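Trainee: sequence first, then the predicted structure, then my questions.
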Number of protein chains: 2
Amino acid sequence: MTTATAGPTVTPAEQAAMERALTLAATPGLDLGPNPRVGCVLLDADGATLAEGFHRGAGTPHAEAVALTNARHAHGPAALRGATAVVTLEPCAHTGRTGPCAEALRDAGVSRVVFAQPDPNPQAAGGADVLRAAGVTVVGEVRADAARALNHAWSAAVTLGRPFVTWKVATTLDGRSAAADGTSRWITSAAARRDVHRLRAEADTVLVGTGTLLDDDPSLTVRDAPGPQPLRAVMGLREIPATARLAGPGPDGAAARHLRTRDPRAALTRLWDLDRRHVLLEGGATLAAAFLRAGLVDEIVAYVSPTLLGAGTAAVGDLGITTITDAARFDLVDATVVDPTPDDLATPDGPASGLAATNLRLTLRPRKES
Amino acid sequence: MTTATAGPTVTPAEQAAMERALTLAATPGLDLGPNPRVGCVLLDADGATLAEGFHRGAGTPHAEAVALTNARHAHGPAALRGATAVVTLEPCAHTGRTGPCAEALRDAGVSRVVFAQPDPNPQAAGGADVLRAAGVTVVGEVRADAARALNHAWSAAVTLGRPFVTWKVATTLDGRSAAADGTSRWITSAAARRDVHRLRAEADTVLVGTGTLLDDDPSLTVRDAPGPQPLRAVMGLREIPATARLAGPGPDGAAARHLRTRDPRAALTRLWDLDRRHVLLEGGATLAAAFLRAGLVDEIVAYVSPTLLGAGTAAVGDLGITTITDAARFDLVDATVVDPTPDDLATPDGPASGLAATNLRLTLRPRKES
């Protein structure tokens, strides 16, 4: 696969329209359900903008359909003859809750389509072929990496046929998630824990095991972040006590979903069927080890506190690895220093308890062997 | 203590001279022994440079003495009447292997002294007072932080009356320094291990325990770094086998020094008496834990590899900490991504073995409670 670069293939107006479409796609606070972020800009033959659109989530029109409707409303149907559609994702070729966008663009008289990311969804792909077969000029993979980054979890999920899994772990420098007596509040700083709410808001599901539920009684809600609350889910065979926070109504009014299995793959299948595409794994060392052993961790976000415990609970359970050449290897894709705010520093017991410490956030992805 | 800023107190010529003196002090490849890095520039009444000097190490003249000699040689003794000395460390007031610099400056007719770092050595301090008592104008703490950074280990050591201790540790993300079967080659990348040679070259002593000696048979030499080789030292009560690499002649022709004690403080006292001021602790989890429990780790340099083992040897032994509020807390002062070189990436088994991975180097210092 080759990446089209901005050269003879796209005009400056189309490049600018693609940047605008990416911005539209990234609109915060959307409730997308199982769908990707998509933005679309329609240009006339002179490169002037006819209309824009973006997808607001499952059950609502696709970005292309929104833009076509807006263009007809503003300029009449004839304005679309010979128009160019600039869209962040390859127009779909399948009929879901809405009709196929490739056919809608063709039928409207659009003569040229510039898109960024090829559709990774095997059920929806083929839109470019439909358009080309109808005589429409199609240019793909313009700013494909930017578009892919916008939907990185969704893209991986539809390719894998299961939700993308991010494992969040808070650890000391020596790999402990709790002291010998089980205490763990607070290993990481206040700023690191606020950052976890951002992580939760980016996922559509937050998952723990019954062990973490019984030990920590978490609520798993998102504070101070826009958009819908993720589904709260618990997996394991033990019952959820009626007094647990997760047994009470969450922000959506419902109790947490109980997945009665200890098998990570079965849990992910259940979540996929619930239209979930991005699971944030926040359970303990045992649950994390089960997902890691099954090869079902796609990303690790580790908050590392500059502390040592020397003993206590390991951040990850036994992985069945006995020798160094079998170590689970990842690529370090980001390392960000998470600094305390002035408010954190002004908290009376902040410095002593580590709440005001500078922590580190590491993002890792499974190593691709070369 | 207040920090003098560049304002009415120092002239632009003196500021420039201080920068030059800092550069002279930082001359690479010096064999300083127990002495600090010091640079000196002498200016005439018009701010023109008369001479420069820097200290080359124990047994050689101090920076001020070198500069005075150079000035007399170039311009004659009379040129020093009314001159200004700009020096990175407060001129000493004690007679060691050379006479006190404060008196030498005074006797030469220098009428003004601008220095950066106050002398932290209780035996040598007081130079500013000697000069002021003789009617010399003294301005202190100009670029004091830069001068202190140049000699950070030495400054701490003379204040503490023992060598400064840097603990170097190589660890997985989950805090393991070896797999369950004891294998540890290689947890960290080739680039990280080259960086350790730079660390060794910055210290004057590399220390392991007899356990590490017997397990790993290290050589502890410095490759590809300028300057003298650090002293190789082993502590513990077990004998050093005659076949061990550390029993053989090192770069200095001698076998490693065996410190027959298990007490970190006793070992540091022995090393202090051997004129050692900066110890790089490269031992295993047990030795590190002994130093940490004794409060004798002044700095941690951790190389973190993006791997998980899930089991194996912990990077640090038991610290006697049982609950989270007693965690050993540090300040994260630096986080640096250590990337592989093109050569590392081209090594056939590099990627698979982690030799070509991106690692992370973290520098931590004991937390100062506010």
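Mentor: Perfect, I can see it now. On a predicted model such as this, the values are computed, not experimentally measured, just so you know.
Trainee: can you give me the buried ones in stretch A:79-94?
Mentor: Neighbour-count burial for stretch A:79-94 flags A:79-80, A:83-94 (criterion: 16 or more other C-beta atoms under 10 Å in any protein chain shown). The way it works is simple: take the backbone N, C-alpha and C, and place the C-beta from them, glycine included.
Trainee: ignore what I typed, I meant stretch A:215-233.
Mentor: By 16+ other C-beta under 10 Å, the buried positions in stretch A:215-233 come out as A:216, A:218, A:220, A:222, A:228-233.
Trainee: so which of those residues belong to helices?
Mentor: If you go by DSSP state H, those have A:D216 in helices.
Trainee: centre-most residue in chain A?
Mentor: Nearest to the mean C-alpha position of chain A, by C-alpha atoms, centre = their mean, lies A:A153 at 4.1 Å.
Trainee: mind pulling up the pLDDT for it?
Mentor: If you check A:A153, the pLDDT there is 96.
Trainee: which residues touch it?
Mentor: Counting by C-beta atoms under 8 Å, 6 or more residues apart in numbering or on different chains, A:A153 touches A:164, A:166, A:202-203, A:277-278, A:298.
Trainee: mind checking which of the buried residues of stretch A:79-94 land in strands?
Mentor: Among those, the ones falling in strands (DSSP state E) are A:84-89.
Trainee: of the contacts of A:A153, which pair is most distant in space?
Mentor: A:E202 and A:D298 (13.4 Å; C-beta to C-beta).
Trainee: ok, those two, which is more surrounded?
Mentor: Between A:E202 and A:D298, counting by other C-beta atoms under 10 Å in any protein chain shown, A:D298 is the more crowded of the two (21 against 16).
Trainee: just checking, that one touches A:A156?
Mentor: Yes. Here A:D298 reaches A:A156: they are 5.9 Å apart, a contact under C-beta atoms under 8 Å.
Trainee: common neighbours of those two, please.
Mentor: Residues within reach of A:D298 and of A:A156 at once, by C-beta under 8 Å, 6+ apart, are A:F164.
Trainee: so the residue nearest to A:G250 when sequence neighbours are not counted versus B:L213, what's the distance?
Mentor: Once flanking residues are discounted, A:G250 sits nearest to A:R232: 5.3 Å by C-beta to C-beta, 6 or more residues apart in numbering or on different chains. The gap separating A:R232 from B:L213 is 53 Å, by C-beta to C-beta, to the nearest Å.
Trainee: show me the contacts for A:R293.
Mentor: Remark: with contacts taken as C-beta under 8 Å, 6+ apart, A:R293 is in contact with A:319-320.
Trainee: confidence score at it?
Mentor: Per-residue confidence (pLDDT) for A:R293: 97.
Trainee: quick one: it from A:T286, how far?
Mentor: 11 Å.
Trainee: just to revisit the earlier point, name the nearest of the ones in strands among the buried residues of stretch A:79-94 relative to chain B.
Mentor: Proximity of these to chain B (C-beta to the nearest C-beta) peaks at A:T88, which lies at 29.6 Å.
Trainee: from the chain's centroid, how far away is stretch A:327-338?
Mentor: Relative to its chain's centre, stretch A:327-338 lies at 18 Å (C-alpha atoms, centre = their mean, to the nearest Å).
Trainee: buried set for it?
Mentor: By 16+ other C-beta under 10 Å, the buried positions in stretch A:327-338 come out as A:327-330, A:332, A:335, A:338.
Trainee: quick check: A:V301 is in a strand.
Mentor: Yes. Using DSSP: H, G, I helix; E, B strand; the rest coil, the secondary structure at A:V301 is a strand.
Trainee: surely it meets A:K168?
Mentor: Yes. With contact defined as C-beta under 8 Å, A:V301 counts as touching A:K168 (5.0 Å).
Trainee: so which bits of the stretch 101-250 of chain A are right by chain B?
Mentor: A:171-176, A:178-181, A:183-187 (C-beta under 8 Å from any C-beta of the partner chain).
Trainee: list the contacts of the closest residue to chain B within chain A.
Mentor: Using C-beta to the nearest C-beta, A:G175 is the residue of chain A that sits closest to chain B, at 2.1 Å. If you count contacts by C-beta under 8 Å, 6+ apart, A:G175 has them with A:314-316, B:171-176, B:314-315.
Trainee: with that, I have no additional questions.
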